[in-house]
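**Student:** sequence first, predicted coordinates after that:
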Amino acid sequence: MLYILHENDQWLEPFRETFTEMGLPFTEWHMASFLPDPAVEPPQGIFYVRMSASAHTRGHSGVPELTAGVLCWLERHGRRVINGSAALDLELSKVRQYQALMAHELPVPLTYAARSPEQLLGLARNMPCPFVTKHNRAGMGLGVERFDSFDAFEVRLDALAETPPVDGVTLLQVYIDSPESFITRCEFIGGKLVYALRVDTSEGFELCPADNCSVPDEHNSAETKILRFEIITDYVDPIIPRYETFLHEQQIDIAGIEFITDHAGCKWTYDVNVNTNYNAEAELRAGVNARVRLAQYLKKELARC
């Protein structure tokens, strides 16, 4: 049996449909309400973790922390956990993500972390402009805002404090200027590249590809909205094997990794999405289906159990 640990029914729905169609036996542990008994052995099977860093935005504060403990319980009993405790640890902290990326010599934008307005002001005074703010535990573009000067940041500081990050840590990060307004998101299943997704950033920093995450923009035509996500199925780049090595070493099985390319051609990695989603419209146009690939991968893992 496949056990899916999650806290977001909307994000899971497309996976439910595909897994059911492909005859993959699964059950759900909705971690906002399900409480396993750590005094007994876990059930036999494999466990696929889809815990989100943005759980608190859906009223599920504390659920990631509970899930982290449950994963340690599963791993202590030798169960196969896909995107286990090591992966969740990186999902919940961009500071830890960046340290892991830099340990693999993958360039990361200059980033500072602070816990108070005074610390943020002190860091911003010496921060190269432009720069962006973001929440350390984020997801869904939480706390991301661009500033072109220190004065502009100082004016907004009180407003930023009204929506504090759930873990109390705010990041200041150098804004990477790209010759074109897009980022690249590489999707991996079983630690191997499935496809690259070109994401138009001209509408802002909300880049989640899930269909129910799309942000309406009345100024754009329907055609422009559709092409916000464009899949490159035959993507080849020297960074891919480096990402695959990174995922293997960090014990991450399934992820979307995002980077932006600057004017000099340098690729800056700034996000590892362990709880990754896929865009159905973009996949339909490209003739690919990552959910099917995922189901096939999970079936193989289940057969080994």
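**Tutor:** All right, it came through fine.

**Student:** give the contact list for D148.
**Tutor:** Applying C-beta atoms under 8 Å, 6 or more residues apart in numbering to D148 gives the contacts 129-130. Every residue, glycine included, has its C-beta placed from N, CA and C.

**Student:** relative to N136, how far out is it?
**Tutor:** The gap separating D148 from N136 is 23 Å, by C-beta to C-beta, to the nearest Å.

**Student:** please apply the same query to D262.
**Tutor:** Taken as C-beta to C-beta, the span from D262 to N136 is 23 Å.

**Student:** between these two, which has more neighbouring residues?
**Tutor:** N136 (25 against 14; other C-beta atoms under 10 Å).

**Student:** endpoints of stretch 158-177, how far apart?
**Tutor:** End-to-end distance for stretch 158-177: 27 Å, by C-alpha to C-alpha, to the nearest Å.

**Student:** for it, what does the pLDDT average out to?
**Tutor:** For stretch 158-177, the mean per-residue pLDDT is 93.

**Student:** for the stretch 101-250 of the chain, just list every one of the strands.
**Tutor:** Here the stretch 101-250 of the chain has its strands, by DSSP state E, counting those that start in this stretch, at 111-114, 131-135, 145-147, 170-174, 182-189, 192-200, 229-232.

**Student:** so F229 makes contact with N279?
**Tutor:** Yes: with contact defined as C-beta atoms under 8 Å, F229 reaches N279; the gap is 4.4 Å.

**Student:** M102 and G139, how far apart?
**Tutor:** 21 Å.

**Student:** with neighbour numbers in mind, choose between those two.
**Tutor:** Using other C-beta under 10 Å as the criterion, M102 and G139 rank with G139 on top: 19 against 12.

**Student:** hmm, that one is touching R58, no?
**Tutor:** No: counting by C-beta under 8 Å, G139 stays clear of R58, with 10.5 Å between them.

**Student:** can you pull out the helices in the stretch 51-200 of the chain?
**Tutor:** 63-76, 85-91, 94-103, 117-125, 150-161 (DSSP state H, counting those that start in this stretch).

**Student:** buried deepest among those helices, which one?
**Tutor:** helix 85-91 (a mean of 21; mean count of other C-beta atoms under 10 Å).

**Student:** which residues of the protein score low on pLDDT?
**Tutor:** The chain contains residues with pLDDT under 70 at 204-226.

**Student:** quick check: can you list the domain ranges of it?
**Tutor:** 2-83, 94-107+178-304, 111-174 (automatic domain parsing).

**Student:** show me how far the second one is from its chain's centre.
**Tutor:** Averaged C-alpha coordinates place domain 94-107+178-304 at 9 Å from its chain's average position (C-alpha atoms, centre = their mean, to the nearest Å).

**Student:** for F147, give its distance to A87.
**Tutor:** Remark: distance between F147 and A87 (C-beta to C-beta) = 32 Å.

**Student:** also A32?
**Tutor:** 20 Å.

**Student:** and G191, by the same measure?
**Tutor:** Separation of G191 from A87 (C-beta to C-beta): 11 Å.
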